[in-house]
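*Asks:* next one to model:
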Amino acid sequence: MTTPSVVKKSFRSMRGSTALVPVASGLAGSARQASVVSGRARPVAAFLLGALATTALPPLHLLPLLLVAFSGLLWLIETSRSWRSAAAIGWAFGCGYFLTGLYWIGHSFLVDAERFGLFAVPAVVGLSAFLALFPAAAASLTKLIGGRGAGQVLAFATAWTAAEWLRGHVLTGFPWNLVGYAWTVSDAPIQFAALAGIYALSFLTVVIGSLPALAFLGGGPRWRRWSPLVVAIGLTAALWTGGMMRLAGAGSGEVADIRLRLVQANVPQSMKWDPDERLRIALRYLELSQSGDASAVTHLVWPETALPFFLTEELELRAAIGAAIPDGGVLLTGSPRRTLSPDGRPELWNSLLAIAGDGSVIAAYDKAHLVPFGEYMPLRSLLPFEKLTEGTIDFSAGPGRRTLSLAGLPPFSPLICYEIIFPGAVVGDGPRPAWLLNVTNDAWFGESIGPYQHFAMARVRAVEEGLPLVRAASTGISAVVDGYGRVVARLGLNETGVVDAPLPQALDGPTPYARLRDLPLLGLLAAGLIGGLATRRRPLAGKD
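*Replies:* I've put the predicted structure just below:
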C-alpha cells in the first residue's frame, strides 16, 4: 500500500525537473502561472496521486489525502491539451488507484501457487489496467464539458460518479472501492447513504476532494482563491453533523427470543480442501458451536462453504451437526451443492443451506452473482484456464435474490460472498426482509486489506437498506451490524472463536434510498452536468 511518506519522497525526487504538481507541492497561483508538469512526468504524477487516494479507503482512512489526490487529478486534467491527453491522465490515476487498492487479489492465486502462482501479478495488473478505463472516461468527459469554477468541480464529480456507476454494472459489475467508502471511518458520515446511496456519497466525496484545486485553477484575491477549501471543510462538517443528528435519535431495539452464534473457525484456504484435514475442520466447527455458554443461543451461522463436504449428500454428518443445533433452532451455513441438469449434465452450486435439529435441509439459496475466474471461467471455449475454486466444473448461477422465511426467525435476504457489495441489489422482489445475512470466505485473501474493504462495504448496505446485517466469515471479519451501520459485535481478522449477539430490529419502514434507489443520484448527476455546461469555457492550453 502506498503511504504518504512514499509519495512525498517520490515528489521530492522530481525536484529540479519541470515535474512539479502545484497541489502536491503547495504552490499557489493560477494554472497559467504555475509550472506545468512535463509530458513524461504527468502520467507518473497521476499514478502517484491514484495510489495516494487509496490511503483514504479502508482500513487506513487517511481522509485529508483525498484533498491532495483529487485536487491534483483535476489540476492535471484541466492543464491537459485535449480530452485524449486527459483520458491518459485518468487512466494513469486509475492504475495507481486499483493496483494499490486491489493488490490483495493476487493472494488468491498463491493459495495453490503451483497451479496459479504464475498468474498472480499479470491478473492484478491486467484487472487494474482494465478498471482504470473508467477513471480515464471520467477524466476525458470532464475535459470535454470544460466547466469553470464551481461548475468545473461539479462536472468532475458527475463524470467520476457516472464512471463508478458504470463500473458497478458493466460486464456483471465490480463496484469495489467506490471512493465514498472512505467515510466508513465513522458511523456518522455514512448515514448519508440511507438518503441517496453510496454512489451519491461518492459524488459528494469527489466534490469535497477536488474543491481545493480551484485555488490553483483560478485567479483573484487570495481569500477568494482559498475559499473553496473552506467550502470543502464546511461540507465535511455538514456530512458529519447530519449523520450525528440521525444517530442521536436512533433506537437500538432487539428481536425478542433470538440470540445468534456466528462461528469463525479460521481455517486457512490452503488447508480447507486437504483430504487429511476434512474431519478436523468439521470437528472444529462443531466444537466452537457448542463451546462456552451456549445455553442462550437459539441459532447458529457458519460462513460460506464452511465445511469441505457436499452437505446435502452427507446424512451422517448432518445428523452430527443437528445434534449441535439448539432446540427449536436452525443452522444457516454455506455449502457447495451438486445436482444434475434435465439433460443429465452435472451442475455445481454455491449455496446457503438451512439445517434443522434433525439434520434435514429445510431451505436453500443458490448464489446468483458469481465471481468471474473464481467460480466460473468467462469465454471458457477461448480461455484454456481453470477457475480458482476447487473442481473442474463451473458453478451455476441461481435464479436471483429472494427472501427466506424460516420458523423462529424473521424473514431475511441471503447474500453469499461479494453479493453484498452491489448497491440496491441486496433485496429481491416481494416481501421486504427484516435483516441481511452475508456468509463469505475471505480466507482467499489472507491478512491483507481486502477483508477490511469487504466488511466496510457490507456495513454500508445495512445503512442503505435500514436493515441489520449478520455476517459470518471463515477467517474474519464476522460481525452483527444494526440498521444504522453500527457494529453490535465483531470478531477480527484471523481470529478463532464465536460471536454471540442478539438480532437487531430493522428500522421502521424503508429508507429513502430503499424506496427511491438511484433517483436522487440521477438528480445529482443532472445538476452537476448542468452546472458544468452552464460555466463552460474554452479549455486551458497546457503542455502534455
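*Asks:* helices and strands of this structure: which one has the lowest mean pLDDT?
*Replies:* Every helix and strand of the chain was ranked by mean pLDDT, DSSP states H and E. The lowest is helix 22-25, at a mean of 36.
*Asks:* after that helix comes which helix or strand?
*Replies:* helix 41-54 (DSSP states H and E).
*Asks:* run through the stretch 351-500 of the chain and note the low-pLDDT ranges.
*Replies:* For the stretch 351-500 of the chain, residues meeting the criterion pLDDT under 70 lie at 379-392.
*Asks:* mind redoing it with 50?
*Replies:* Judged by pLDDT under 50, the stretch 351-500 of the chain has no weakly predicted residues.
*Asks:* assign a three-state SS to A479, would you?
*Replies:* A479 falls in the strand class when you classify it by DSSP: H, G, I helix; E, B strand; the rest coil.
*Asks:* just the strands in the stretch 251-400 of the chain please.
*Replies:* 254-264, 299-301, 330-340, 346-356, 361-366 (DSSP state E, counting those that start in this stretch).
*Asks:* could you pull out the helices for the stretch 201-350 of the chain?
*Replies:* Per DSSP state H, counting those that start in this stretch, the stretch 201-350 of the chain carries helices over the ranges 214-217, 222-248, 269-272, 278-289, 315-324.
*Asks:* which residues are contacting the third one?
*Replies:* So that's helix 269-272. 111-112, 277, 281, 305, 308, 441, 443-444 (CB atoms under 8 Å, 6 or more residues apart in numbering). Quick note: C-beta positions are derived from backbone N, CA and C, even for glycine.
*Asks:* thinking again about what came up before, tell me which of the helices of the stretch 201-350 of the chain is the most buried.
*Replies:* helix 214-217 (a mean of 24; mean count of other CB atoms under 10 Å).
*Asks:* and stretch 56-65, how far out from the chain middle?
*Replies:* With CA atoms, centre = their mean, to the nearest Å as the basis, stretch 56-65 stands 14 Å off its chain's centre.
*Asks:* contacting residues around that stretch?
*Replies:* Stretch 56-65 is contacted from outside by 1, 4, 52-53, 55, 66, 69, 101, 177, 179, 181-185, 449, 452-453, 455-456, using CB under 8 Å, 6+ apart.
*Asks:* just stretch 159-171 next, same as before
*Replies:* Contacts for stretch 159-171 (CB under 8 Å, 6+ apart): 131, 134-135, 137-139, 141-142, 145, 173-175, 178-179, 199-200, 202-203, 206, 372, 422-423, 518, 521, 524-525, 528.
*Asks:* output the helices of the stretch 201-350 of the chain as TSV; include the columns mean pLDDT.
*Replies:* Formatted as TSV, those follow (pLDDT from 0 to 100):
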stretch	mean pLDDT
helix 214-217	80
helix 222-248	90
helix 269-272	87
helix 278-289	96
helix 315-324	95
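*Asks:* so which of the contacts of stretch 56-65 belong to helices?
*Replies:* Among these, DSSP state H puts 4, 52-53, 66, 69, 101, 452-453, 455-456 in helices.
*Asks:* filter those down to the buried ones, ChimeraX style.
*Replies:* Buried residues among the ones in helices among the contacts of stretch 56-65 (16 or more other CB atoms under 10 Å), as a ChimeraX selection:
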select :52,53,66,69,101,452,453,455,456
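*Asks:* which one of the ones in helices among the contacts of stretch 56-65 is nearest to D394?
*Replies:* Closest approach to D394 among the ones in helices among the contacts of stretch 56-65 (CB to CB): Q453, at 26.2 Å.
*Asks:* A strand includes R471, no?
*Replies:* Yes. Counting by three-state DSSP, R471 falls inside a strand.
*Asks:* for it, which residues are in contact?
*Replies:* 262, 420, 437-440, 455, 458, 477-481.
*Asks:* specify the beta-bridge partners of it.
*Replies:* Under the criterion DSSP bridges, R471 forms beta bridges with N438, A479.
*Asks:* re earlier: tell me the one of the contacts of helix 269-272 nearest C95?
*Replies:* The nearest member of the contacts of helix 269-272 to C95, counting by CB to CB, is W444 at 23.4 Å.
*Asks:* and the helices in the stretch 51-200 of the chain?
*Replies:* Ranges of helices within the stretch 51-200 of the chain are 65-78, 83-101, 105-110, 113-116, 120-131, 133-145, 150-167, 192-196, 198-210, based on DSSP H, counting those that start in this stretch.
*Asks:* for the residue nearest to S351 when sequence neighbours are not counted, what are its contacts?
*Replies:* Excluding its sequence neighbours, the residue lying closest to S351 (CB to CB, 6 or more residues apart in numbering) is R337, at 4.4 Å. Counting by CB under 8 Å, 6+ apart, R337 makes contact with 310-312, 348-351, 353, 364, 366.
*Asks:* buried ones from the residues you listed, can you make that a PyMOL selection?
*Replies:* Remark: buried members of these, expressed as a PyMOL selection using 16+ other CB under 10 Å:
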select buried, resi 311+312+348+349+350+351+353+364+366
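*Asks:* tabulate the contacts of R337 (JSON lines), appending distance to W83.
*Replies:* Formatted as JSON lines, the contacts of R337 follow (distance: CB to CB, whole Å):
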{"residue": "F310", "distance to W83": "54"}
{"residue": "L311", "distance to W83": "55"}
{"residue": "T312", "distance to W83": "55"}
{"residue": "L348", "distance to W83": "46"}
{"residue": "W349", "distance to W83": "46"}
{"residue": "N350", "distance to W83": "43"}
{"residue": "S351", "distance to W83": "47"}
{"residue": "L353", "distance to W83": "52"}
{"residue": "A364", "distance to W83": "51"}
{"residue": "D366", "distance to W83": "44"}
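*Asks:* one step back: select, out of the helices of the stretch 201-350 of the chain, the one closest to G532.
*Replies:* It is, among the helices of the stretch 201-350 of the chain and with distance given as CB to CB, helix 214-217, at 13.5 Å.
*Asks:* helices or strands next to that closest one in the packing?
*Replies:* helix 65-78, helix 150-167, helix 222-248 (3 or more CB pairs under 8 Å, 6 or more residues apart in numbering; DSSP states H and E).
*Asks:* picking that back up, can you flag the buried ones in the contacts of helix 269-272?
*Replies:* 111, 277, 281, 305, 308, 441, 443-444.
*Asks:* care to break this structure down by domain?
*Replies:* For the chain, the domain assignment from automatic domain parsing gives the residue ranges 4-248+519-534, 259-502.
*Asks:* can you put those in JSON lines and add distance to P510?
*Replies:* Shown next, in JSON lines, are the domains of the chain (distance: least, CB to CB, whole Å):
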{"stretch": "domain 4-248+519-534", "distance to P510": "10"}
{"stretch": "domain 259-502", "distance to P510": "6"}
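*Asks:* leaving out chain neighbours, which residue sits closest to R490?
*Replies:* A479 (4.0 Å).
*Asks:* ok, A215 next?
*Replies:* R225 is the one closest to A215 (CB to CB, 6+ apart), at 4.7 Å.
*Asks:* quick one: F98 and L133 touch, right?
*Replies:* No. Between F98 and L133 there is no contact under CB atoms under 8 Å: 10.4 Å.
*Asks:* the two: which is more packed in?
*Replies:* A count of neighbours by other CB atoms under 10 Å puts F98 above the other of F98 and L133, at 27 against 17.
*Asks:* what does the residue nearest to G173 when sequence neighbours are not counted show for phi and psi?
*Replies:* Nearest residue to G173 in three dimensions, chain neighbours excluded: F422, at 6.4 Å (CB to CB, 6+ apart). Reported as degrees, to the nearest 10, the phi and psi values for F422 are phi -100, psi 110.
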